[in-house]
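I would like the atomic coordinates for the input below:
(2 chains)
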Amino acid sequence: MPAVSKGDGMRGLAVFISDIRNCKSKEAEIKRINKELANIRSKFKGDKALDGYSKKKYVCKLLFIFLLGHDIDFGHMEAVNLLSSNRYTEKQIGYLFISVLVNSNSELIRLINNAIKNDLASRNPTFMGLALHCIANVGSREMAEAFAGEIPKILVAGDTMDSVKQSAALCLLRLYRTSPDLVPMGDWTSRVVHLLNDQHLGVVTAATSLITTLAQKNPEEFKTSVSLAVSRLSRIVTSASTDLQDYTYYFVPAPWLSVKLLRLLQCYPPPDPAVRGRLTECLETILNKAQEPPKSKKVQHSNAKNAVLFEAISLIIHHDSEPNLLVRACNQLGQFLQHRETNLRYLALESMCTLASSEFSHEAVKTHIETVINALKTERDVSVRQRAVDLLYAMCDRSNAQQIVAEMLNYLETADYSIREEIVLKVAILAEKYAVDYTWYVDTILNLIRIAGDYVSEEVWYRVIQIVINRDDVQGYAAKTVFEALQAPACHENLVKVGGYILGEFGNLIAGDPRSSPLIQFNLLHSKFHLCSVPTRALLLSTYIKFVNLFPEIKTTIQDVLRSDSQLKNADVELQQRAVEYLRLSTIASTDILATVLEEMPPFPERESSILAKLKKKKGPGTVTDLEEIKKERSSDMNGSAEPASVNASAVSTPSPSADLLGLGAAPLTNSAPPPASSGSLLVDVFSDSASAVAPLAPGSDDNFARFVCKNNGVLFENQLLQIGLKSEFRQNLGRMFIFYGNKTSTQFLNFTPTVICSDDLQSNILKCNSICLFFGFCALCSTKVQ
Amino acid sequence: SCGDKQEWKDKGHAASLCLVPVSLCPPTSLSWCRGSAWTQLQGLKSSSLLLFSGPEIHFILLFSRQGKLRLQKWYTTLPEKEKKKITREIVQIILARNQKTSSFVDWKDLKLVYKRYASLYFCCAIEDQDNELLTLEVVHRYVELLDRYFGNVCELDIIFNFEKAYFILDEFIMGGEVQETSKKSAVKAMEDSDMLQETVEEYMNKPAF
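The predicted model follows:
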């Protein structure tokens, strides 16, 4: 059948489209379009009312012009008029126009909503379908306000036609997504759950989509859907291919519905034993089917079948409770790792990453290490290689860390630039985590710097220095290795930084060897000096003064360098200052003072690796790391902040005690792991043993409370009745705190008693606590003196 | 003059979309830059912390090999400028990929699933944790529906009957979720709406402007 006259074909439209296509240039096209716009404008403004067909045609032309990429600023009214036509095709075009060219003119919105209301009430399923579609397409707040109450009723009414039910379900879903507050749960929810038993599979599909989203915010309301979903899934999976007729897709029974049901099940934890048995059977059936020979050679068949399989595996991983299933899933994925189709290899690598973090399947995943390494080396597709890297990272543990790190370093040499930083972070984390022998760790980091120096972020090399300083056994090795690495003709600046620092601290450990005598060390470093950026040079200057302390024999050499004009008169203020001060220090300080000032760095306190924090930040919030790390997060305290003595209110503003000495990874965690303390306050945590004496903060005052870390005055708490302000002043070892209570109501507070609670050990520090209650005006004042 | 389809077919762009996608060889892919959002550590697919909160499909784009947009359907609200920018970007990314690449591209925090049928690229943007393989079949199903409706559908059909292409899509996907997966029902709904079946003569008597 010729497409042109399919249904109510609009000849004028076809001609117009043809004209546009025949335009030889952009200018010609614009000219033709403007001509048409003028034509349409005049027709719309014309005296005689346009008939439905013409209106439809012109509105459609406008739509076409818009979709070409030109702006349209009229036609909305005519489109809205089309909505009230009784001819389906005219309505259709009207709805299409307003769904695509959404207009926020309130008058139009009112008219549109009106038309929709009429169509919904019309009892004509095709008209209702159109209206519901429009709401789902536009999903604006105004529409939600107008219709969110009505659609659930349509959805669960007994006499609604199946097609309308489907549309209503998905329409409601859209409204819920955009305006969840306007779709409250109600009686209809249990009826929606019941739709899972409907005999029309289209209705079941739509209902499943709806429930999956709703269940996440309201799991209790929809938990009965779990058993229904399982039985429905079970029936589909065990059905013969002729049973589901039109819902069978290339010999796969209802793949879309199966996948949706599996996703619904992923919103809930593993079900009760009765249901769980059936579900396990079901999943086993799916896994079994994957092993059977395919019923068709077409890629559609295998895609659909594997889509269901992968979703089933996702569910198995999510439940993480049936070791047998997990291992089978792992084996299945293992087979896919070597499949000829790249898509499947890609997906298998991706899924296996999650499997790697489950304790049941971790070992099973490790057995595939050779295949994954091979994939890393031979895959032509970069994104597949990247998945392989992710998987290696996930499956890494003490037994294979060395092998995996070596492979990742290998890969790093040729990796895509955009992914190098992540790989560097991962290698650094693995090397630290699984280092049994820290010389290996030092080697690995230095290798990282050598291979991908530009992508080695600060956290990484700060960390290696931290570790070297904290571990006596590796200091000599580090000094030696770094010294050797620096001898390479071209070395990365990060290496100079690390080398400079380490030699500054531990150069004496290798100074005995004539090949690394003090002078040689100094000359080596200084030869790189002019090639480095300012921060590195600053670091090197510090190293030089440390050398003055460590190696008095080269003191004059170093002083000469410091004295040179290029240092003392350096354009950069920091360098100049350091040069001047270090020179002076070396001249006037006695050896004792010098030794004290330039003493070896003390070990750093143990804290969570900031590298991990950085990696998490890169990965975005809400991601899961392996189980160990979650546990680690939950138990890490807030960077062991120290003291300020304080009552359940502000603190003396000292520089934050958790500030790292070298600015190493200040913020503990940037992802969404919830802080362990319930009152969410850094300072209250410190007194965890006296937590009982300290009342938790009132809700809503957390922000205000936190502000008092940096300021002395301000509002501590406020609600509709009461405002509490704080003013504190401190002098030497005494402090005074005023707490103001403001009565925001117009009635008097009676029996108003402010109380100061603090832990016992602080109680002794409070000198005086006055309560002067003044009720004139609206203010009460209470002052406390704290030492 | 607007002859019948045969004439247009001769002018090119008429290769039938034909349900066998162009490349069946084991693909290799150029990963496009994974963008600023590495939302998956260790390639998590459906971790329990990631919720199915967005629509399954965020948008669908159909474009020719010259980058001309033939259909655009958006299932989230975005300003026009943003849509144009996204379209340009994505068309560029996909056209740059060669025959041997795979069907999935990481883009921002979404995944692009695309397939080429004759001269048209069909591209769906889905949430990161959605089922990629099934989305490929969503695309295929849409092409089947078009084919059933138009008979040997080709790009020209979609150009000249763009509104029908939207209507067919609407029967199948609503609010970004697959609605009706039964081929029969979807096509029947379309055919029902074509209540007016005119003859070619009647059509030719209609005004040409």
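
ok, which stretches of the chain are strands?
Using chain A. Using DSSP state E, the strands of chain A run over residues A:248-249, A:252-253, A:713-718, A:722-731, A:734-743, A:766-772, A:779-786.

that answer is for a different chain, and I need it for chain B
Counting by DSSP E, the strands of chain B are B:57-64, B:69-74, B:104-107, B:110-117, B:120-127, B:173-174, B:177-178.

for those, which one sits closest to residue A:550?
Ranking the strands of chain B by their distance to residue A:550 (criterion: CB to CB) puts strand B:104-107 first, at 50.9 Å. (Glycine included, C-beta is placed from N, CA and C.)

is chain A within reach of that closest one?
Yes. Strand B:104-107 reaches chain A (CB under 8 Å from any CB of the partner chain) through B:104, B:105, B:106.

number of nearby residues for the last one?
The number of residues packed around residue B:106, counting by other CB atoms under 10 Å in any protein chain shown, is 20.

shouldn't it be in contact with residue A:382?
No. With contacts defined as CB atoms under 8 Å, residue B:106 does not count as touching residue A:382, sitting 10.6 Å away.

near chain B, which residues of the stretch 201-350 of chain A? Just list them.
By CB under 8 Å from any CB, the part of the stretch 201-350 of chain A that sits against chain B consists of A:201-202, A:205-206, A:209, A:212-213, A:216, A:246-247, A:249, A:254-257, A:259, A:263, A:266-267, A:299-300, A:303-304, A:306-307, A:310-311, A:314-315, A:317-318, A:340-343, A:346-347, A:349-350.

kindly recompute the last result at 7 Å.
Residues of the stretch 201-350 of chain A lying close to chain B (CB under 7 Å from any CB of the partner chain) are A:202, A:205-206, A:209, A:212-213, A:216, A:246-247, A:249, A:255-256, A:259, A:263, A:266, A:299-300, A:303-304, A:306-307, A:310-311, A:314, A:318, A:340-343, A:346-347, A:349-350.

from residue B:184, how far out is the closest residue to residue B:186 other than its chain neighbours?
Using CB to CB, 6 or more residues apart in numbering or on different chains and skipping residues adjacent in sequence, the residue nearest residue B:186 is residue B:171, 4.4 Å away. Per CB to CB, to the nearest Å, residue B:171 is found 11 Å from residue B:184.

can you pull the pLDDT of residue 187?
Defaulting to chain A. On the pLDDT scale, residue A:187 is placed at 86.

let's do chain B instead
In this model, residue B:187 carries a pLDDT of 70.

give me the neighbour count for it.
For residue B:187, using other CB under 10 Å, the count is 19.

one more: residue B:81?
8.

related to what we said a few turns ago, of residue B:171 and residue B:184, who's got more company?
With other CB under 10 Å as the criterion, residue B:171 and residue B:184 differ in neighbour count, and residue B:171 comes out ahead with 23 against 12.

my guess is the more buried one meets residue B:188, correct?
No. Using CB atoms under 7 Å, residue B:171 makes no contact with residue B:188, being 9.2 Å away.

residues touching residue 187, list them.
Went with chain A since none was named. Listed by CB atoms under 7 Å, 6 or more residues apart in numbering or on different chains, residue A:187 has no contact partners.

switch to chain B, that's the one I care about
Residue B:187 makes contacts with B:145, B:148, B:149, as judged by CB under 7 Å, 6+ apart.

please apply the same query to residue A:151.
Contacts for residue A:151 (CB under 7 Å, 6+ apart) come out as A:168, A:171, A:172.

pLDDT below threshold where in chain B?
Low-confidence segments of chain B (pLDDT under 70): B:1-53, B:99-100, B:190, B:192-205, B:209.

sorry, wrong one. I was asking about chain A.
Chain A contains residues with pLDDT under 70 at A:1-8, A:241-242, A:607-609, A:618-703, A:758-787.

now with 50?
For chain A, the stretches with pLDDT under 50 are A:1-5, A:621-695, A:772-782, A:786-787.

and for residue A:147, the neighbour number?
22.

pretty sure it contacts residue A:134?
No. With contact defined as CB under 7 Å, residue A:147 does not count as touching residue A:134 (10.2 Å).

and residue A:484, how far is that from chain B?
35 Å (CB to the nearest CB, to the nearest Å).

what number of residues lie near that residue?
Residue A:484 has 14 neighbouring residues, counting by other CB under 10 Å.

again, but for residue A:277
12.

list the contacts of it.
Not one residue lies near residue A:277 by CB under 7 Å, 6+ apart.

with the one 3 residues further on instead?
With contacts defined as CB under 7 Å, 6+ apart, the neighbours of residue A:280 are A:322, A:325.

dump stretch A:748-756 to CSV, restricted to CA.
Once non-C-alpha atoms are left out, stretch A:748-756 reads as follows in CSV (Å, rounded to 0.1, in the frame of the first residue of the first chain):
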residue,chain,number,x,y,z
GLN,A,748,4.1,34.5,77.5
PHE,A,749,6.2,31.4,78.2
LEU,A,750,5.4,30.0,81.6
ASN,A,751,7.7,27.8,83.6
PHE,A,752,10.5,28.3,81.3
THR,A,753,13.6,26.7,82.6
PRO,A,754,16.8,26.5,80.5
THR,A,755,19.2,23.8,81.6
VAL,A,756,22.8,23.3,80.8
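
buried ones in it?
Using 16 or more other CB atoms under 10 Å in any protein chain shown as the test for burial, stretch A:748-756 gives residue A:756.

how far does it sit from the chain's center?
Centroid separation between stretch A:748-756 and its chain, computed with CA atoms, centre = their mean, to the nearest Å, is 46 Å.

stretch A:245-258 too?
Going by CA atoms, centre = their mean, where stretch A:245-258 is centred and where its chain is centred differ by 35 Å.

using PDB, write out every CA atom in it.
C-alpha atoms of stretch A:245-258 as PDB (Å, rounded to 0.1, in the frame of the first residue of the first chain):
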ATOM      1  CA  GLN A 245       1.300 -16.400  21.400                       C
ATOM      2  CA  ASP A 246       1.800 -12.900  20.500                       C
ATOM      3  CA  TYR A 247       4.000 -12.200  23.500                       C
ATOM      4  CA  THR A 248       6.600 -14.600  22.400                       C
ATOM      5  CA  TYR A 249       9.500 -12.800  20.800                       C
ATOM      6  CA  TYR A 250      11.600 -15.000  18.500                       C
ATOM      7  CA  PHE A 251      10.900 -18.100  20.600                       C
ATOM      8  CA  VAL A 252      11.500 -16.400  23.900                       C
ATOM      9  CA  PRO A 253       8.500 -16.100  26.000                       C
ATOM     10  CA  ALA A 254       7.600 -12.600  27.100                       C
ATOM     11  CA  PRO A 255      11.100 -11.300  27.500                       C
ATOM     12  CA  TRP A 256      10.100  -7.800  28.400                       C
ATOM     13  CA  LEU A 257       7.800  -8.900  31.000                       C
ATOM     14  CA  SER A 258      10.300 -11.400  32.400                       C
END
